[in-house]
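K.L.:
show me the folded form of this:
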Amino acid sequence: SDYITAMCVSADYGLVFTTRSVHMVSLDKDGTPVVTPMSQNVGAVGDRAVTNFEGKTYFFSSTGVFMFDGTTPRPLSSELNQQVENLPKAFLKDVVAFPDPEGRRVWFSVCSGNGSENNEVWAIHVDTGAVSKMNASVFDAIRYKDETLVAFARDAHGPVLPEDERDQPEQGS
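P.N.:
Residues are numbered from 1 along each chain as shown. Sure, this is the predicted structure:
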């Protein structure tokens, strides 16, 4: 059986995610809730793996990174989906998503295979689809008063968004 992994509010509807589905919750003209299945084959891996940016919902699935604009979940790219396939499945539930409105990016903190904690941050450039990666350990993030607050570990990699790595796309992207 499947279970609820995440929920969020976007635009004038809510989304309920399971590991394998997305359902939209809206209200009819009388104010009665209406639940509409939007996907029966893709869902979110965890409660922190979903974020909103400019009226769109971005989420991390076990099969890739998706965007939902109110109509249907769409994969951001097949190349990115292949990178997700290479991640250790046991740690996908720990993915953390957060927006970077100033940089026009959506960030995903993932465990790339070295250890058992998130150790890599992927920045998806929403206008171009380019992916930047950097080594960092992000444990949680939340939008508060037009700022993104990020909980991360300081280690040999330094702060979570070093300026010298912030705007450089990964080679080959």
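K.L.:
in three-state terms, label the residue in the chain sticking out farthest from the centre for me.
P.N.:
No residue in the chain sits farther from the centre than residue 30, which is 33.3 Å out by Cα atoms, centre = their mean. Of the three states, residue 30 takes coil under DSSP: H, G, I helix; E, B strand; the rest coil.
K.L.:
local confidence estimate at it?
P.N.:
Note on residue 30: pLDDT of 96.
K.L.:
show me what counts as buried in the strand or helix carrying residue 6.
P.N.:
Taking DSSP states H and E as the criterion, residue 6 maps to strand 4-10. Neighbour-count burial for strand 4-10 flags 5, 6, 8, 10 (criterion: 16 or more other Cβ atoms under 10 Å). Every residue, glycine included, has its C-beta placed from N, CA and C.
K.L.:
also stretch 124-138?
P.N.:
For stretch 124-138, by 16+ other Cβ under 10 Å, it's 124, 125, 126, 131, 132, 133, 134, 136, 137, 138.
K.L.:
quick check: the third one touching residue 104?
P.N.:
Yes - proximity of residue 126 to residue 104 meets the contact threshold set by Cβ atoms under 8 Å, at 5.5 Å.
K.L.:
tell me the confidence at residue 171?
P.N.:
Predicted confidence (pLDDT) for residue 171: 46.
K.L.:
what mean pLDDT does the helix or strand encompassing residue 59 have?
P.N.:
Using DSSP H and E, residue 59 falls within strand 56-61. Mean per-residue pLDDT for strand 56-61: 96.
K.L.:
partner strands of it and their direction?
P.N.:
Partners of strand 56-61 in the sheet, by DSSP bridges, are strand 50-53 (antiparallel), strand 64-68 (antiparallel).
K.L.:
adding mean pLDDT and mean neighbour count, write these out as a markdown table.
P.N.:
A markdown table is the format used below for the strands paired with strand 56-61 (pLDDT from 0 to 100; neighbours: other Cβ atoms under 10 Å):
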| stretch | mean pLDDT | mean neighbour count |
| --- | --- | --- |
| strand 50-53 | 95 | 22 |
| strand 64-68 | 96 | 21 |
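K.L.:
CSV for those, including distance to residue 14?
P.N.:
Formatted as CSV, the strands paired with strand 56-61 follow (distance: least, Cβ to Cβ, whole Å):
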stretch, distance to residue 14
strand 50-53, 11
strand 64-68, 12
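K.L.:
which parts of stretch 12-32 are buried?
P.N.:
13, 14, 15, 16, 17, 18, 19, 20, 21, 22, 23, 24.
K.L.:
the protein: helices as residue ranges?
P.N.:
78-85, 163-166 (DSSP state H).
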